[in-house]
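>>> pasting the structure only:
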């Protein structure tokens, strides 16, 4: 699924949460939507988190 379609779905779900719930529910859906978008981009290979997971920026402390 393309990022634009994913953004559309996220926006629609966020709108429903705001309409049916309240502002708190809207924020919860928005946060989880952002997390889902990040995970989707990692799975698609658009974001590489290998540098952060492997600790690539660390130096020896000798």
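Noted; the coordinates are in hand. Bear in mind that the values here come from a model prediction, so they are computed numbers and not experimental data.
>>> So, low pLDDT: which residues of this protein?
For the chain, the stretches flagged by pLDDT under 70 are 1, 3-4, 55-62.
>>> ranges for the helices of it?
Using DSSP state H, the helices assigned to the chain run over residues 3-20, 23-44, 50-53.
>>> Please convert these to CSV, extending it with mean neighbour count.
C-beta: built from backbone N, CA, C; applies to glycine. Shown next, in CSV, are the helices of the chain (neighbours: other C-beta atoms under 10 Å):
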stretch, mean neighbour count
helix 3-20, 13
helix 23-44, 13
helix 50-53, 8
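>>> how close does the nearest residue to residue 26 once chain neighbours are set aside sit to residue 12?
Nearest residue to residue 26, sequence neighbours excluded (C-beta to C-beta, 6 or more residues apart in numbering): residue 18, at 4.1 Å. Residue 18 sits 11 Å away from residue 12, taking C-beta to C-beta, to the nearest Å as the criterion.
>>> Excluding chain neighbours, give the residue nearest to residue 25 in space.
Leaving aside its chain neighbours, residue 25 sits nearest to residue 17 (4.8 Å; criterion: C-beta to C-beta, 6+ apart).
>>> List the residues that contact the one you found.
Residues in contact with residue 17, defined by C-beta atoms under 8 Å, 6 or more residues apart in numbering, are 25-26, 28-29.
>>> Spatially nearest residue to residue 48, not counting backbone neighbours?
Residue nearest to residue 48 in three dimensions, not counting chain neighbours: residue 42, with 8.0 Å by C-beta to C-beta, 6+ apart.
>>> Show the contacting residues for residue 29.
13-14, 17.
>>> mind redoing it with 10 Å?
By C-beta atoms under 10 Å, 6 or more residues apart in numbering, the contact set of residue 29 is 10, 13-18, 21.
>>> between those, which is closest to residue 36?
residue 10 (7.4 Å; C-beta to C-beta).
>>> so the closest one sits right up against residue 26, yeah?
No - in this structure residue 10 lies outside contact range of residue 26 using C-beta atoms under 10 Å: 11.9 Å.
>>> what's near enough to touch residue 15?
Listed by C-beta under 10 Å, 6+ apart, the contact partners of residue 15 are 26, 29.
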